[in-house]
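Chemist: dropping a prediction and its sequence here:
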Amino acid sequence: MAHTAHQLLNFSLMGRFAAAAFLSAALLLAGCTGGQEGTAAEEQQPKKNPITTNGQQTATQPQPPAPVDAKKELKSISNAIPIYANAQFREDLTRRDAVMIRNQYGPKAEVYTLATDDSFPQVYHYYTTYLAQFRAYPAQPPYPPQQNWRTLEVHLNQAMQDPFIPGDTLKAGDRQVTLQVAETEAEPKTVIRYIVTPEPISGAAIASQ
């Protein structure tokens with residue numbers, strides 16, 4: 001009986017030690033997780049790369065080219081150059097015309113193409129009326145002749161000389177500007193080109209229809 005009582009006492013002590021050890025492990029685990037079960041959703045998001053302090057960007061975005069202001073470019077040559085009020089600069093037409101113009105007038109030639117939905121006779125009347133104030137420009141009929149694909153071409157440096165009323169003229173020594181007005185079969189109805197070259201254009205017509 002004494003031996004049996006001794007064994008029971010040992011088992012009781014071992015049970016207490018085991019319970020104490022289990023309780024300590026549970027408290028330690030609860031302390032590590034804040035008393036709650038951890039999940040993957042609670043993981044911290046990775047930190048973003050810090051902003052560099054050297055002022056350099058990791059990737060340089062190309063800046064789009066500045067839009068062309070054709071009227072400003074033409075007026076920088078001379079304020080006397082006439083520009084039809086309802087005409088708008090067309091970058092797409094300018095790119096298309098640039099190849100043709102440089103093949104015809106040389107690699108240094110520049111072109112600014114404007115377009116309007118106004119009819120060719122309206123545009124023709126504006127330019128011929130404006131240029132009529134210069135004695136160097138031959139007199140033109142008030143309306144263009146009735147024919148297909150009507151055009152007007154004027155070498156402005158030669159035409160805009162000796163005005164009846166003193167005013168701005170286009171100097172002969174400045175960059176040369178040739179005006180071309182062309183009627184089209186679709187919209188825009190009228191195309192206006194300003195061809196700019198650093199030297200006079202050989203054999204250019206002063207005015208033609």
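Modeler: It's in.
Chemist: spit out the contact partners of residue 111.
Modeler: Residues in contact with residue 111 (CB atoms under 8 Å, 6 or more residues apart in numbering) are 94, 97, 98, 101, 193, 194, 195, 196. Yep, even glycine has a C-beta here, placed from its N, CA and C like the rest.
Chemist: which of the helices or strands spans the first one?
Modeler: When you say that, I think you mean residue 94. Residue 94 is located in helix 91-105, with elements delineated by DSSP states H and E.
Chemist: and if you look at residue 194?
Modeler: Judged by DSSP H and E, residue 194 forms part of strand 190-197.
Chemist: what pairs with that strand, parallel or antiparallel?
Modeler: The partner list of strand 190-197 in its sheet, established with DSSP bridges, is strand 110-116 (antiparallel), strand 176-183 (antiparallel).
Chemist: which one of the contacts of residue 111 sits in the busiest neighbourhood?
Modeler: Compared across those, residue 195 has the highest neighbour count, 24 neighbours, by other CB atoms under 10 Å.
Chemist: could you pull out the helices in the protein for me?
Modeler: In the chain, helices defined by DSSP state H lie at 2-33, 70-77, 91-105, 120-131, 156-159, listed in chain order.
Chemist: out of those helices, point me to the one whose mean pLDDT is lowest.
Modeler: Mean pLDDT across those is lowest at helix 2-33; the value there is a mean of 47.
Chemist: partners of residue 192 in the sheet?
Modeler: Going by DSSP bridges, residue 192 forms beta bridges with residue 114, residue 181.
Chemist: residue 84 is in contact with that one, correct?
Modeler: Yes. Here residue 192 lies in contact with residue 84, judged by CB atoms under 8 Å, at a distance of 6.0 Å.
Chemist: who has more neighbours, the two?
Modeler: Between residue 192 and residue 84, counted using other CB under 10 Å, residue 192 has the larger neighbour count: 25 against 18.
Chemist: tell me the contacts of the more buried one?
Modeler: When the contact criterion is CB under 8 Å, 6+ apart, the partners of residue 192 are 84, 87, 113, 114, 115, 116, 123, 179, 180, 181.
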